[in-house]
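Student: the following block contains a protein sequence and its predicted model.
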Amino acid sequence: MHRCKIAVAGTHSTGKSTFIANLHRELRDREVSAECVHPSARRAMELGFPILSEHTFESTAWMMAKTIQLEMCAALRSNIVLMDRPVPDALGYLLGALRHTGRVIEEERLSRLDAICASWIQEYHLIIVTELDPSMPIAPGRDADCGFRVAVGNAISEVVSRMTSKHLVLRRGEEESALAAAIETVELRVSGS
């Protein structure tokens with residue numbers, strides 16, 4: 001069986017986790033085993049890294065490394081890995097934070113993060129980018145700054161669009177077609193096509 005990684009990227013409270021859960025259930029119904037991965041910024045915060053609108057080079061590099069680590073561990077257990085918050089999310093959150101707060105970091109350091117993301121994004125067989133619907137409420141405990149949420153959504157979309165053609169945009173109400181595309185990608189990889 002060939003490996004397959006499906007990633008769902010996007011700003012907070014756009015339905016990523018719900019989509020991953022639905023995809024996981026659909027695959028299970030088809031008797032396809034998959035491992036779900038959801039890296040959390042909470043651990044970064046516990047370690048003392050700034051997160052959300054205060055993201056830095058260091059916190060972003062840590063999130064990228066942690067995400068890659070979790071993906072690789074999941075791949076030991078399953079040939080199908082479903083990623084909620086893949087590596088491009090970490091870069092998108094940094095870019096959104098910088099734009100939203102007016103901060104800058106050294107271009108050389110930003111280029112290194114960009115290179116990590118550009119290289120790793122090739123590991124994903126399909127990236128589904130959730131489109132922000134401003135009418136969707138922000139989940140409790142999430143950053144409630146709408147401007148930051150929009151800046152992150154735009155940055156993640158830009159990163160993914162710039163780095164890979166293997167993506168699609170998930171708009172509210174189009175979940176069924178995105179699920180079908182993800183399942184088709186998994187089935188093609190599983191069959192070796």
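Tutor: Everything's here; your move.

Student: ok, Ser59 touching Ile51?
Tutor: Yes. Taking Cβ atoms under 8 Å as the definition, Ser59 is a contact partner of Ile51 at 6.0 Å. Heads up, the C-betas are built off the backbone N, CA and C, glycines and all.

Student: so which of the two has more stuff around it?
Tutor: The neighbour comparison of Ser59 against Ile51 (other Cβ atoms under 10 Å) goes to Ser59, with 23 against 20.

Student: measure Ala74 to Arg99 for me?
Tutor: Per Cβ to Cβ, to the nearest Å, Ala74 is found 31 Å from Arg99.

Student: now do the shared contacts for Ser59 and Ile51.
Tutor: Ala44 (Cβ atoms under 8 Å, 6 or more residues apart in numbering).

Student: this structure: helices as residue ranges?
Tutor: Remark: helices assigned in the chain by DSSP state H are 16-29, 41-47, 57-77, 87-101, 107-120, 146-163, 175-191.

Student: hmm, who's touching the last one?
Tutor: If I follow you right, that is helix 175-191. So helix 175-191 is contacted by 1-4, 6, 15, 19, 22-23, 26-27, 30, 32, 34, 79-80, 125-126, 128, 168, 170 (Cβ under 8 Å, 6+ apart).
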